[in-house]
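In: Fold the following.
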Amino acid sequence: MDTFRNMKIFVEVAEAGSFTGAAQQLDTTTGYVSRSVSELEAHLRTRLLNRTTRRIALTEAGERYLQRCLAILDSVSDAELEASEAHARPAGTLRVHSMSSIGQNYVVPAVAAFQERYPAVTVDLTLSQNVPDLLEDGYDVALRSTPRPLPDSNYISHQLGTIHGVLCASPAYLELHGRPESVEDLANHTCLQVAIPIFPSDRWTLIGPNGEREFLLPQARFRVNLPDAMATALHEGMGVGALPMLTVRAAFRNGTLVRVLPEYHLQDLNIYLVYASRQYLDAKIRAWVEFLKEWVADALREDAIVLAGTAGADEPDAA
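Out: Numbers count the residues shown, from 1 in each chain. From the prediction side, this is the model:
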């Protein structure tokens, strides 16, 4: 028996005052309405309506049951309205996971702009180098960077763009130790290692005008697992390091870091946005996905301009 359906039919009968009137409201037959109410009474083992040939009337139990049914139907209606509004209007908490550098340099500024447009959305952002399980860990959207295409999965993914890794150092370090003019010159410098999955820990694969060159890293005097911590080490003049362009974009603009061997870059890193499903997508997730596609594309274009400017730099103080 469909109890919920029969509850709705019972409410229609009580409000219409007759089986015929309820049947007209529900666009069905009087017999179907009568059977549904009888089925509900049999299920409850309680008479809800007193019937005569002329009219029907609620019993005392029927009066109490009617009030309960109305409250339940109102709650269901409110729930349906709330769910449909979630599909139509961005609101509520958006849970986002991002790899640390992408999060600090792209996602946080994007969130600020996103919330200006959609003030009813609260963003809960988690930054880590781990790759989460969206469903098990409860995230709506994740951002990842990888040198390879994402493997096939049940998730929806969009490639937001591509960034380069670059070699860089501080002007003070280069003034003290000299500027490398070739890949071979790197052997005479302190090369710092950032231990993140997107860069091999023992070598730099440098892509230049004549193809790829591989530089095996000597035993590093300093190694760290976060790109932003590596950027701090480079600012302190500790050596030469490889970082994703997004980590050093501001430093290149203000000249606190400069490119080393600007004719070379490290492997491309693809930035992906990943979420669970395209069907009946919550409005806040849909709005965030579309917003981030546009926002990151604009940021990557700006970074490409900065990167092109550094590729022609010959002096340590070039921005």
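In: I'd like to know how far residue 195 sits from residue 90.
Out: From residue 195 across to residue 90, the span is 38 Å (Cβ to Cβ, to the nearest Å). Heads up, the C-betas are built off the backbone N, CA and C, glycines and all.
In: next one: residue 196
Out: Distance of residue 196 to residue 90, computed by Cβ to Cβ: 33 Å.
In: With residue 219 instead?
Out: Following Cβ to Cβ, the distance that separates residue 219 from residue 90 is 51 Å.
In: ok now do the one residue sitting closest to the centre of the chain, which residues does it touch?
Out: Nearest to the mean C-alpha position of the chain, counting by Cα atoms, centre = their mean, stands residue 141 at 2.3 Å. Applying Cβ atoms under 8 Å, 6 or more residues apart in numbering to residue 141 gives the contacts 94-97, 134, 273-275, 285, 288-289, 292.
In: Apply 7 Å and report the result again.
Out: Each residue near residue 141 by Cβ atoms under 7 Å, 6 or more residues apart in numbering is listed here: 96, 273-275, 285, 288-289.
In: most neighbours, which of those?
Out: For the contacts of residue 141, the largest number of neighbours (other Cβ atoms under 10 Å) sits with residue 288, at 25 neighbours.
In: before we move on, the earlier item: between residue 195 and residue 90, which one's more packed in?
Out: residue 90 (21 against 14).
In: Can you classify residue 285 as helix, strand or coil?
Out: When classified by DSSP: H, G, I helix; E, B strand; the rest coil, residue 285 comes out as helix.
In: Show residues contacting stretch 40-56.
Out: 1, 3, 6, 10, 17-18, 37, 57-59, 61-62, 65.
In: Excluding chain neighbours, what is closest to residue 275?
Out: Sequence neighbours aside, residue 141 is the residue nearest to residue 275 in space, at 4.8 Å (criterion: Cβ to Cβ, 6 or more residues apart in numbering).
In: Run through the bridge partners of that neighbour.
Out: Residue 141 has these beta-bridge partners by DSSP bridges: residue 96, residue 275.
In: Now tell me what touches stretch 181-200 from outside.
Out: 129, 145-147, 165, 177, 180, 201, 206, 213, 215, 217-218, 220-225, 227, 230, 233, 238-243, 261, 269.
In: could you redo the last one with a cut-off of 8 Å?
Out: Outside stretch 181-200, the residues that touch it by Cβ under 8 Å, 6+ apart are 129, 145-147, 165, 177-178, 180, 201, 204, 206, 213, 215, 217-218, 220-227, 230, 233-234, 238-244, 261, 264, 266, 269.
In: ok so, going back, ChimeraX command to pick out the buried ones of the contacts of stretch 40-56?
Out: To isolate the buried subset of the contacts of stretch 40-56 in ChimeraX, counting by 16 or more other Cβ atoms under 10 Å, use the following:
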select :6,10,37,58,62,65
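In: Just the contacts of stretch 40-56: which are in helices?
Out: When DSSP state H is applied, these are split such that 3, 6, 10, 37, 61-62, 65 fall in helices.
In: and which of these is nearest residue 151?
Out: residue 3 (45.4 Å; Cβ to Cβ).
In: what's that closest one in contact with, if anything?
Out: 40, 43.
In: Do you know the pLDDT at it?
Out: Looking at residue 3, its pLDDT reads 84.
In: For residue 76, see how far away it is.
Out: From residue 3 to residue 76 the distance is 13 Å (Cβ to Cβ).
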